[in-house]
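Chemist: Curious how this folds, go ahead:
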Amino acid sequence: MDYFYYILPIFIFANVTAFTPGPNNIILSTTAIKYGFYKTIPQIFGIFFGFLSMLTICLFGLGKIFLIYPSLFWVIKILSSLFLLYLAYKIFNSKSFTDSEKYKPITFFQVYFLQIINPKGVMVQITAASLFLQGTFTYQLEFILIFICFAFSTITSGITWALIGHSLKKIIHDQKKIILFNKLMAIALVSCIFLIII
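Modeler: Residues are numbered from 1 along each chain as shown. Just a heads-up that it's a prediction; the model follows:
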């Protein structure tokens with residue numbers, strides 16, 4: 001029973017932060033609606049491994065560097081904002097959902113490294129490490145339980161948002177609707193930048 005009360009808040013926190021709209025979820029939905037679910041698989045795994053890599057670093061205690069040197073967050077915010085602006089530009093100017101030489105889905109490594117400079121992700125990981133490494137159980141056991149909760153939420157949210165985009169692909173066929181959708185997704189991505197900066 002002690003395990004249940006320990007895991008429950010971690011599980012809720014992990015899923016709320018993973019499933020709420022953000023850059024990762026917008027990127028996955030946009031890719032799925034443009035190219036289909038299959039093309040989002042590298043992105044899903046890029047987010048999965050990138051996020052969990054950073055979580056591992058924070059759980060090992062290196063996340064305290066960000067607490068000691070808050071100015072590092074500004075570096076991360078600037079880098080992630082520039083990358084998201086680039087993606088928003090590509091999405092905004094896309095006229096179709098077809099794969100083309102000009103507009104290709106972002107790669108596994110691009111999404112992976114986005115997790116490293118994602119301020120929301122870093123804050124979630126530092127919060128998880130500082131809140132949930134409580135010494136209730138052994139460090140190794142708490143590490144594993146936290147890791148499992150976030151691994152589950154990260155993969156399931158990624159698949160869910162990609163499936164949402166894939167299902168919309170079957171509904172939206174009109175060229176004007178396609179262009180409108182792309183522009184709305186680009187604006188949503190830019191709005192995430194404002195949330196990152198604030």
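Chemist: What is the burial count for residue 16?
Modeler: Burial measure for residue 16: 12 neighbouring residues, criterion other Cβ atoms under 10 Å. For every residue, glycine as well, the C-beta is placed using N, CA and C.
Chemist: Pull out the buried positions in whichever strand or helix holds it.
Modeler: When elements are assigned from DSSP states H and E, residue 16 belongs to helix 2-19. Buried residues in helix 2-19, defined by neighbour count with 16 or more other Cβ atoms under 10 Å: 6-7, 10-11, 13-15, 17-18.
Chemist: next one: the helix or strand just after that helix to chain centre, how far?
Modeler: Using DSSP H and E, the helix or strand that follows helix 2-19 towards the C-terminus is helix 23-35. Centroid displacement of helix 23-35 relative to its chain, using Cα atoms, centre = their mean, to the nearest Å, is 11 Å.
Chemist: I'd like the next helix or strand past helix 23-35.
Modeler: helix 41-59.
Chemist: pLDDT at residue 173, what is it?
Modeler: If you check residue 173, the pLDDT there is 66.
Chemist: same thing with the one 4 residues further on?
Modeler: Predicted confidence (pLDDT) for residue 177: 73.
Chemist: And for residue 10?
Modeler: Among the per-residue scores, residue 10 holds a pLDDT of 91.
Chemist: which ones are touching it?
Modeler: 128, 132, 145-146, 149 (Cβ atoms under 8 Å, 6 or more residues apart in numbering).
Chemist: Distance of it relative to residue 35?
Modeler: 34 Å (Cβ to Cβ, to the nearest Å).
Chemist: Go through this protein and flag its longest helix.
Modeler: Once the chain is assigned using DSSP state H, the helix that runs over the most residues is helix 139-171.
Chemist: Could I get the buried residue list for it?
Modeler: Applying a neighbour-count criterion of 16+ other Cβ under 10 Å, one finds 142-143, 145-147, 149-150, 153-155, 157-159, 161-162, 165-166, 168-169 buried in helix 139-171.
Chemist: which residues touch the spatially most central residue of the chain?
Modeler: In the chain, the C-alpha closest to the average C-alpha coordinate belongs to residue 24, at a distance of 3.3 Å (Cα atoms, centre = their mean). The contact partners of residue 24, by Cβ under 8 Å, 6+ apart, come to 47, 111, 114-115, 118, 158, 161.
Chemist: downstream neighbour of the helix or strand of the chain with the lowest mean pLDDT in the secondary structure list?
Modeler: Among the helical and strand segments of the chain, the one scoring lowest on mean pLDDT, DSSP states H and E is helix 64-68, with a mean of 69. Read in the C-terminal direction, the helix or strand following helix 64-68 is helix 71-92, with elements assigned using DSSP H and E.
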